[in-house]
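Asks: kindly generate the corresponding structure for this input.
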Amino acid sequence: MAIKSYERFRVYRIGIDYPAGCRVEFKAKSRREAGDVVFHFPEHETISLSWGPLERALKSFATAEQQAEHSLEAVKKDRHAKSVDKIAGDAFEVNSHTASYNHIKVEEILSSVFLGKKKVDRQALTLHLHCEPTARYFVIYSMLTPHAPSDFKDVFLEMARSLRCH
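Replies: Got it, this is the predicted structure:
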């Protein structure tokens, strides 16, 4: 998945670079305090950027790492998840903040009336960040389809590292 050029998305003093071929969907109920943007790739993958009041996150999680671990535990408890394996976990700096990154593999059991039960292996990429100057938390995430390009993680990390929250 060779990306030739990136464009800059900006709203509410939030900025992120995204591949020029993406369709950008700004959720209608988004506002400065809380919102969502979804970047739709031609290959049917998506990367979402969500934000909300930091005060709300801090009621349950002292750090972005704790919030990321809670999200991982929530995936493990999902009734469709047969197994969840952490492929990678890392902390790195994004716009002067320590961000928590996770890459997980999820084995899902999906069932339908017509197809019966079907095992699907998927991967998820997440990044959590707390920004004190803007009093917001940020989450960037992608639940990859089984046919995602093998280097999609690199595009995700490129976008994540470009985030400007203040």
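
Asks: which parts of this structure are helices?
Replies: For the chain, the helices defined by DSSP state H cover 54-58, 64-77, 152-161.

Asks: could you tell me the least trusted of the ones you listed?
Replies: For these, mean pLDDT drops lowest on helix 64-77, to a mean of 92.

Asks: for it, packing partners?
Replies: When contacts are defined as 3 or more CB pairs under 8 Å, 6 or more residues apart in numbering; DSSP states H and E, helix 64-77 packs onto strand 81-94, strand 97-112, strand 116-131, strand 136-143. To be clear about C-beta, it is placed using only N, CA and C from the backbone, and glycine gets the same treatment.

Asks: nearest approach to residue 31 belongs to which of those strands?
Replies: Closest to residue 31 of the helices and strands packed on helix 64-77, according to CB to CB: strand 136-143, at 11.3 Å.

Asks: just list what the closest one packs against, helices and strands only.
Replies: Judged by 3+ CB pairs under 8 Å, 6+ apart, strand 136-143 is in contact with strand 46-53, helix 54-58, helix 64-77, strand 116-131, helix 152-161.

Asks: can you add distance to residue 94 and give those back as TSV?
Replies: Shown next, in TSV, are the helices and strands packed on strand 136-143 (distance: least, CB to CB, whole Å):
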stretch	distance to residue 94
strand 46-53	12
helix 54-58	15
helix 64-77	10
strand 116-131	6
helix 152-161	6
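
Asks: spatially central residue in this structure, please.
Replies: residue 141 (0.9 Å; CA atoms, centre = their mean).

Asks: give me the neighbour count for residue 104.
Replies: 21 (other CB atoms under 10 Å).

Asks: now the one 4 residues further on
Replies: Summarising burial for residue 108: neighbours were counted as other CB under 10 Å, giving 18.
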